[in-house]
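# With the input below, show me the fold.
(chains A and B)
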Amino acid sequence: MPSRSRAHDRRPATRRAVVLCALALLAAFTPVLADTPQIAVELHPTSVPVGGEARLTVTLEGFSRAVQEPQVPTNEGYDIYEAGSSTSMQWINGDFSSSVTHTYILAARREGRHAVGPVEITDQGTLYRSDPLELTVRAPASSPPSGAAAAAPAGGAGGPHAGQADDGGTAGEALFARVVVDREEAYLDQQVTLRFQLYQRDDLTLLDIGGFEPPTTEGFWREDLGSQRDYRATVGGEPYRVREIAWALFPTRAGRLEIGPARIVCRVPEGRPRSRGRLSDFFDRSMFDSRRVPLSTAPVAVEVLPLPQAGQPAGFTGSVGEYALDVRFDSEQLRQGEPFGLVATVRGRGHIQTIGAPRWPDWEGVRVFDSGEAVSVHREGDRFGGEKSFTQVLIPNRAGQIELGPVRFAYFDPLRGRYRELVSDSLVAEVAAGAAVAAGGGGIRPVGEDIRYIHTGFADHLEGPQSPAPRTARWVHLLPVVGVGAAGWIRLRRRRLERDPRLRRRQAAARLARDRLAAIARAAPTPSVAGEAAAVLEAYLGDWLGQSVRGWTRRHLADRLLDAGLPEQPVAEVSAFLAGVDEVRFAGGTASAEELCRRLDKLLQELEAAWRVTPWAEELP
Amino acid sequence: MRAARAKIIGPVGGGLWLLLALGLALPAAGAQAEPPAEIRARLATAHAAYAEGDYEAAWEQYRAVAAAGYRAASLDYNLGCTAHRLGREGWAVAYFEQARRRAPRDPDIRHNLAYVRAAIGAQARGEETAWALALLAGLLDRIAPADLVRLLLALVWISGGLLALHWLLPRRGRTVTRRFLLPVALAWGLVLGLGALKAYHVGSAPSGVVVGGEAQVRAGPLEGETVQFVLPPGTLVHVGRSTGAWREVWLSGEMRGWVPQERLAYLAEPRWWPAG
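As a prediction, this is how the structure comes out:
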């Protein structure tokens, strides 16, 4: 049973694998099936004088990697030279495509109409053939060819550097300049490659080049195509060194546009070269042996065609070239209420700076903010291009799946002469709930359909611009701190008195004495008052000295008080007071009770003041 | 013994209640001077204009009161309502947020702020995902700094009085006051802890709001700098350095840049000292 169960499970899995493999193979071959191999052949210019050059461009698209090199048949009317090849790879809407461009230079040798091609390609055993083109080779002109200026250098017409045109025209000139364009007819904003070429025959020595004035290009947007390039070419059977500067021109208006002349000044040796060798040549020629040769090119015209109205797709913004479109989100995790970027990148060949924005989908479920664009330019050989990114910042209004539809970019393909529209896949995004919502009740949600009404009764609760009252009130809150400090001080004092009974007695001595004295004063005057007053004083002094003084002689008492640190004056006052009391008690003195109490009160005050200067005072809490 | 204790608890408890009342009442002891008649008249005019639907006039009058230096959560709230009626959603969020910081538990303010933010699709506040953090954030969100200072002052009075009584009372009285010492110490810890968290909460809160339409956030303080992203009105941002008429803003560590300062409304830091 278990084995049957496994077999039963395996069958659908195998079927699924087969289906998946078939789908994968189908997907893998789909681009190949969809893109049949194509050969595009261009010839510019199609008419040249004898000795002139034409450029043959063979572009192969959709061929396998094993494709052989194109076979271009030879013709007795021109020579063919290979001028290199370039490969271009593109991703368009996820599909990969590549093209290979082979360039050939056709050097016209014989007047007449000569067939170019057909170009043949063999790929995986299949022969592909292009349509044949035709090159018209005109009779050589008496002057340098269109756009060319020639000069007979030193030696004059009879010299060895004289422009002896074996094939006529430019072919025999030792030094000449010209401007050429790769197409005499172009669409609006289609690249026209303009080249300034300075031809120097091999047997001519060029001492200096300067004063270069590039051609005027009114009506074109001009972009540099890099620095000067040097190469060799054959013109009329003669080998030349060519210095070339190129620009990419983009017509900005339709009609016949003229490229103005370019100027350059060269310096060539004066006189006949001698055959004593290079070293002797170097010493023989001085700067005074040279001659200034100004060269100027003839103007060149380009016929600029307007973009066709027919077939123009919706959303076309005037972009011309060959482009691919890539669309992506700049974040993998999208959250409700949080911004993220949608970036559409258009890359390819053409005037990339001026291409317009793609057509965005209908925004639903998101808020959109245009966040600008960025351009990156690059050059691929003589072709101008790059990439331009358009960014939109989107903020999802809700969580869940959001489907935005595709992004579209329409452009005009000048090589094929038709409009194309690139369409991205539909943009589908899964949006997570906002952080607060996801937390579960932590967020704030609207609970009504409108805002609540304004508040009206708050005039009395306004905080004024100047409110000193609360600031002064803040000091009130220091009272608890002060209270705690005071309580602490009281507590410390209490604890000290509790620990030291003698100190406590001293502390209370004056108060007790005054209480007793007040009681005596309130009592009726009797002869015993004097004795009571003496007892009050003795009790007070006993508290201070820490022992009873009752029974002490006045002399002994005075000595002890002096020993305790009391000054002589209060001690004498004590002795005098006790003597006065004895006089009243035992000798019939006449002092009244009131007077005794007053004297004793004064004496106590003096003693209190006097005690404060004794060493004991420091012990007082 | 019980009678003696009751004899002591009575005065001690009464004293503590008195101190608590003093602590809570005294912060507001310096009563505010009443606003002048002109301010009252402006407020009345603004209320009437709002009621009649003349929101522009109400906006002008409320702004005049605010410009005179008068502050109140309700004034900010009314300005937020008026800004919303005028379609100035950035300003509405700014004033409602300002009002919420002054009176965090006011239900009207919280409702209107949530409503306006939801209406413009702004991100909901609160990044915390752990429930404990969310709970703490919610608690801190509903406590105004002035509330914490009120609690602190009440504790100063209670604990000061309690300590004074504890030291001044005789021994048998201290057994009563000793009972209150631990709860008061715990209250101190709670209030100080909450105060520290609230200080961090206030310090890390956004200090500006985008107003007056979308704000292009550029890589540098120049008009020609690259636009890095665009902020919709009502977005709460942190505001940093300034250069000329530009201010640096950021949402998070990565999303930062410069915007013209006229595109920002600044949120005042909440007052810590209780108002009268």
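# for A:Gly356, what are its contacts?
A:317-319 (Cβ atoms under 8 Å, 6 or more residues apart in numbering or on different chains). (Each C-beta comes from the backbone N, C-alpha and C, glycine too.)
# Pretty sure A:Pro414 sits against A:Glu185.
No - in terms of Cβ atoms under 8 Å, A:Pro414 does not count as a neighbour of A:Glu185; the distance is 10.3 Å.
# who has more neighbours, these two?
Set side by side, A:Pro414 and A:Glu185 give different neighbour counts by other Cβ atoms under 10 Å in any protein chain shown, the larger being at A:Pro414 (20 against 13).
# ok, that one to B:Val209 distance?
Using Cβ to Cβ, to the nearest Å, one gets 51 Å for the distance from A:Pro414 to B:Val209.
# Excluding chain neighbours, what is closest to the most centrally placed residue in chain A?
Of all residues in chain A, the one closest to the mean position by Cα atoms, centre = their mean is A:Ala374, 12.4 Å from it. By the measure of Cβ to Cβ, 6 or more residues apart in numbering or on different chains, the closest residue to A:Ala374 outside its immediate chain neighbours is A:Ser389, 4.8 Å from it.
# same thing with A:Leu204?
Using Cβ to Cβ, 6+ apart and skipping residues adjacent in sequence, the residue nearest A:Leu204 is A:Ala174, 4.3 Å away.
# residue ranges of the helices in the stretch 101-250 of chain B, please?
Assigned by DSSP state H, counting those that start in this stretch, the helices in the stretch 101-250 of chain B fall at B:107-119, B:131-141, B:145-168, B:171-203.
# To A:Leu596, which of those helices lies closest?
With respect to A:Leu596, and counting by Cβ to Cβ, the nearest of the helices of the stretch 101-250 of chain B is helix B:145-168 at 40.2 Å.
# With just CA atoms, put that closest one into PDB.
Extracted in PDB, the C-alpha atoms of helix B:145-168 (Å, rounded to 0.1, in the frame of the first residue of the first chain):
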ATOM      1  CA  PRO B 145       4.900  67.300  30.500                       C
ATOM      2  CA  ALA B 146       3.000  69.800  32.700                       C
ATOM      3  CA  ASP B 147       1.000  66.800  34.200                       C
ATOM      4  CA  LEU B 148       4.300  65.200  35.300                       C
ATOM      5  CA  VAL B 149       5.500  68.400  36.800                       C
ATOM      6  CA  ARG B 150       2.300  68.700  38.700                       C
ATOM      7  CA  LEU B 151       2.700  65.200  40.100                       C
ATOM      8  CA  LEU B 152       6.300  66.000  41.000                       C
ATOM      9  CA  LEU B 153       5.400  69.200  42.900                       C
ATOM     10  CA  ALA B 154       2.700  67.300  44.700                       C
ATOM     11  CA  LEU B 155       5.300  64.700  45.700                       C
ATOM     12  CA  VAL B 156       7.600  67.500  46.900                       C
ATOM     13  CA  TRP B 157       4.900  68.800  49.300                       C
ATOM     14  CA  ILE B 158       3.800  65.400  50.400                       C
ATOM     15  CA  SER B 159       7.200  64.000  51.000                       C
ATOM     16  CA  GLY B 160       8.500  67.200  52.500                       C
ATOM     17  CA  GLY B 161       5.600  67.400  54.900                       C
ATOM     18  CA  LEU B 162       5.800  63.700  55.700                       C
ATOM     19  CA  LEU B 163       9.500  63.900  56.500                       C
ATOM     20  CA  ALA B 164       9.000  67.000  58.700                       C
ATOM     21  CA  LEU B 165       6.300  65.300  60.600                       C
ATOM     22  CA  HIS B 166       8.300  62.100  60.900                       C
ATOM     23  CA  TRP B 167      11.100  64.100  62.500                       C
ATOM     24  CA  LEU B 168       9.000  66.300  64.700                       C
END
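# Check which residues of it are buried.
For helix B:145-168, the neighbour count (16 or more other Cβ atoms under 10 Å in any protein chain shown) marks B:145-146, B:148-168 as buried.
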